[in-house]
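Asks: Sequence plus predicted model, see below.
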Amino acid sequence: MTGHGGFSLGKSAAERALRQPNDAASLAAAAPAAAQPGPIKGLHTEMVGFRHFLADVPATVAPNGSNEPPAEKVRKLRQLAKGLATVVKRDFRWMPHSQAILDRYPGVEVWENPGIPSGYTYLLQLMAHDIVSTSFPVSVLDAGMTAARNMRSAPLQLDTIYGGGPADCPLMYASDANGAPRTALRLGAMAADPADVPMGRPLRDIPRVKAPEDNATPGLLTEPLIADARNDNNALISQTTVMFHILHNAILALLPTNDPASADDPAEAAFERFLCARGAVTLIYRRIIRKDLLARILHPAVHALYDVPKPPFLEMKAASPGGDFRIPLEFAAAAFRFGHAMIRPFYRFNDAPGGGEFGLLRVLEQNSAQTPIRMPFSREWIVGWSNFFEIDGSRPNFSRRIGPNFSPDMLNVFFPAVDETTQAGLAYRDFISGGVLNLPSAQVLIAKLRAIRPGLIEKSPFLKGDAYRQDFRAFLTDYQQKGFLPNVAVDKLVDSTPLGFFVLLEAALDPQTRGLRLGLLGSIIVADVIHAAMARNPVFGEGIASLPDALKALCLQTYSQNHLAVVPDIGSMAALIKFAAQGNPKPSFI
């Protein structure tokens, strides 16, 4: 999950970003800019498609103003981000699992999270790519370029899989043997394996091709033919992409190629067929987000609040059809990065004899950009999905518990240092970006929530009356005494905690969550933004409670009969995989 940033934070760029009335240098309490009808102008260029969360609500916590020069703010910002990045390198003292978990999953590690199998980590990454199509390349912004533009004006429509469709992105769609317009998503053959004879090479990789006239890497498959190149970021996100390609093609195969009742000519028929298949896949995808994924990651009180036909949105303008499409920076650059903490140090991919288990570094390197010589995927890299989701009682790889602790390979030189601190790792990049982007502290957001929804924060005894402060102070003091937070004022950090770090620490320390799901504040931000994005851009049939009924309505919008009646009531990733597996017997899909 490395597609969110990783650009050099040039000194002059950071200084100009912090030349603001608020003290962003300490990553502390800074009232966000007032809501703007247009893009945010906080950096060196307009940040089109982004805004602040609860920007219309006045802050009731005073910002920590400072008259320090920008260079000093940058120094302090980097000092704090480095300290926090050092903290997440250390083992966290997790509370032991309950006896019920230990009985069900003998041998489960204390850092593992049986409630969230590791396949959801990479579904979250796919969602992140489907919500935000940009990074925050501050060094590029320093050159005056308008790079911080979110291209996803209609998030969670699977643009990260479909792109602009066959007419706009023909290379990622398979040619029809009869010359008909393209409708199926391409798949790539895995590497040759004796076990596949005589069936040939199964189509179980993303499609990859050689770059023409590329003298640097002659003959190597350096180019993935997919809508979003970030979906070849690592072996697991690319295999997740393959699964959605297979699902689309399976739905497509159920629809007629020529229905006189739906179209006057083959081109129109193909267009209608593609749109129906895409609509069906998107309905399934959104149902899984609501009923499966969010049910696992959100605080129970928040999930219950939003899992209703008309959620009580905090930002109604963002949830109204055609409303404010901009994504809050607090979500994109802080709260939704909790998935980085869920990444395991190693994965068992499949049950192939003699292999199929890899350390995280190998998983991160397995893509066309970094190791084209290993492309296409060999059998050992082809995912058996029962290793990533609990299917028919399987024991999958579990994600890590959510907290201030990352797998070691997320913190090493695979993510090299971006400034003079020489601090490597993804955690440093996460924490530094929150400061450069002038995000408000967690305490500012909590105060705003109390002002507009007095009872919402009180749903968590941990946050009620700021009870968390004692646990936060004890945790931070312990780490400071061990030398991991030198020159950091613990009391100030407890009073104005960087939002990204707060979300991790809250999830870990709240007795109601203990790292098994997000805490209340993190859940509120994630739930409000994701549910609002779906409400703002509804898919046809989405308001129908039953998936079979929704698919029937979708199909009858185009065809004279329901061709999707055989699709089961898919409400989980396990059910999706079992449906997709029907046409993919070998190598074992499940």
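Replies: Received the coordinates, thanks. Residues are numbered from 1 along each chain as shown.
Asks: Apart from its chain neighbours, what residue comes closest to residue 269?
Replies: In this structure, residue 269 finds its nearest non-sequential neighbour in residue 263, 3.8 Å apart by Cβ to Cβ, 6 or more residues apart in numbering. For the C-beta atoms, the positions are set from N, CA and C on the backbone; glycine is no exception.
Asks: quick one: the strands in this protein?
Replies: Remark: strands of the chain, listed N- to C-terminal, are 50-51, 112-117, 188-189, 203-205, 208-209, 223-224, 327-328, 346-348, 357-359, 398-400; assignment by DSSP state E.
Asks: and for stretch 448-456, what are the contacting residues?
Replies: 54, 57-60, 312, 314, 457, 521, 524 (Cβ atoms under 8 Å, 6 or more residues apart in numbering).
Asks: now swap in stretch 305-318 and tell me
Replies: Stretch 305-318 is contacted by residues 53-54, 56, 290-291, 294-295, 298, 319, 323-326, 449, 452-453, 524, 527-529, 531-533, 535-536, 543 when judged by Cβ under 8 Å, 6+ apart.
Asks: Are any of the residues you listed buried, and if so which?
Replies: With neighbours counted using 16 or more other Cβ atoms under 10 Å, those contain these buried positions: 53-54, 290, 294-295, 298, 319, 323-326, 449, 524, 527-529, 531-533, 535-536.
Asks: Just the ones in helices from those, please.
Replies: In helices, judged by DSSP state H, the following of the buried ones among the contacts of stretch 305-318 are found: 294-295, 319, 449, 524, 527-529, 531-533, 535-536.
Asks: follow-up on the earlier one: any idea which of the contacts of stretch 448-456 is least confident?
Replies: Lowest pLDDT within the contacts of stretch 448-456 is found at residue 60 (70).
Asks: of all the ones in helices among the buried ones among the contacts of stretch 305-318, which comes closest to residue 220?
Replies: Within these, proximity to residue 220 (Cβ to Cβ) peaks at residue 533, which comes in at 37.8 Å.
Asks: Tell me which of the strands of the chain sits nearest to residue 465.
Replies: strand 327-328 (26.3 Å).
Asks: Show me what that closest one packs onto, helices and strands only.
Replies: Contacts of strand 327-328 with other secondary structure elements, assessed using 3 or more Cβ pairs under 8 Å, 6 or more residues apart in numbering; DSSP states H and E, are made with strand 50-51, helix 520-536.
Asks: Make CSV from these and add distance to residue 121 to it.
Replies: Formatted as CSV, the entries for the helices and strands packed on strand 327-328 read as follows, by distance: least, Cβ to Cβ, whole Å:
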stretch, distance to residue 121
strand 50-51, 24
helix 520-536, 14
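Asks: And these, which one averages the lowest pLDDT?
Replies: Among the helices and strands packed on strand 327-328, strand 50-51 carries the lowest mean pLDDT, a mean of 92.
Asks: all helices in the stretch 1-150 of the chain, in order from the N-terminus.
Replies: Counting by DSSP state H, counting those that start in this stretch, the stretch 1-150 of the chain forms helices over residues 11-17, 70-87, 99-104, 119-131, 138-141, given from the N-terminal end onward.
Asks: Least reliable of those helices by average pLDDT, please.
Replies: Across the helices of the stretch 1-150 of the chain, helix 138-141 gives the lowest mean pLDDT, at a mean of 40.
Asks: Quick one: mean pLDDT over stretch 269-278.
Replies: Here stretch 269-278 scores 94 as its mean pLDDT.
Asks: who's in contact with that stretch?
Replies: Contacts of stretch 269-278 with the rest of the structure, by Cβ under 8 Å, 6+ apart, involve 158, 162, 165-166, 180-183, 248, 251-252, 255-259, 262-263, 554-555, 557-559.
Asks: what do you get for stretch 380-395?
Replies: Contacts of stretch 380-395 with the rest of the structure, by Cβ under 8 Å, 6+ apart, involve 105, 117-120, 122, 190, 202, 204-205, 235-236, 239, 243, 347-352, 355-356, 358, 366, 396-397, 573-574, 577-578, 581, 587-590.
Asks: End to end on it, go ahead and measure it.
Replies: Here the two ends of stretch 380-395 are set 19 Å apart, with distance taken as Cα to Cα, to the nearest Å.
Asks: mean confidence for it?
Replies: On average, the pLDDT along stretch 380-395 is 96.
Asks: Please apply the same query to stretch 495-505.
Replies: Stretch 495-505 comes out with an average pLDDT of 97.
Asks: which residues are contacting that stretch?
Replies: Residues outside stretch 495-505 that contact it (Cβ under 8 Å, 6+ apart) are 26-29, 61, 64, 80, 84, 88, 330, 333-335, 337-338, 341, 402-404, 430-431, 434-435, 439-445, 469, 472, 475, 518-519, 521-522, 525.
Asks: ok, now with 7 Å
Replies: When contacts are taken as Cβ atoms under 7 Å, 6 or more residues apart in numbering, the neighbours of stretch 495-505 outside the stretch itself are 27-29, 64, 84, 330, 334-335, 337-338, 341, 402-404, 430-431, 434, 439-443, 472, 475, 518, 521-522.
Asks: residue ranges of the helices in the stretch 151-300 of the chain, please?
Replies: With DSSP H, counting those that start in this stretch as the criterion, the stretch 151-300 of the chain has helices spanning 159-162, 235-253, 266-288, 294-297, 300-306.
Asks: Show me how far the second one is from its chain's centre.
Replies: Relative to the centre of its chain, helix 235-253 is centred 17 Å away, using Cα atoms, centre = their mean, to the nearest Å.
Asks: Pipe the helices of the stretch 1-150 of the chain into TSV and attach distance to residue 496 and mean neighbour count per row.
Replies: Rendered in TSV, the data for the helices of the stretch 1-150 of the chain read as follows (distance: least, Cβ to Cβ, whole Å; neighbours: other Cβ atoms under 10 Å):
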stretch	distance to residue 496	mean neighbour count
helix 11-17	18	20
helix 70-87	11	22
helix 99-104	35	11
helix 119-131	26	24
helix 138-141	22	21
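Asks: Among the ones you listed, which comes closest to residue 493?
Replies: Nearest to residue 493, of all the helices of the stretch 1-150 of the chain, is helix 70-87, at 7.8 Å by Cβ to Cβ.
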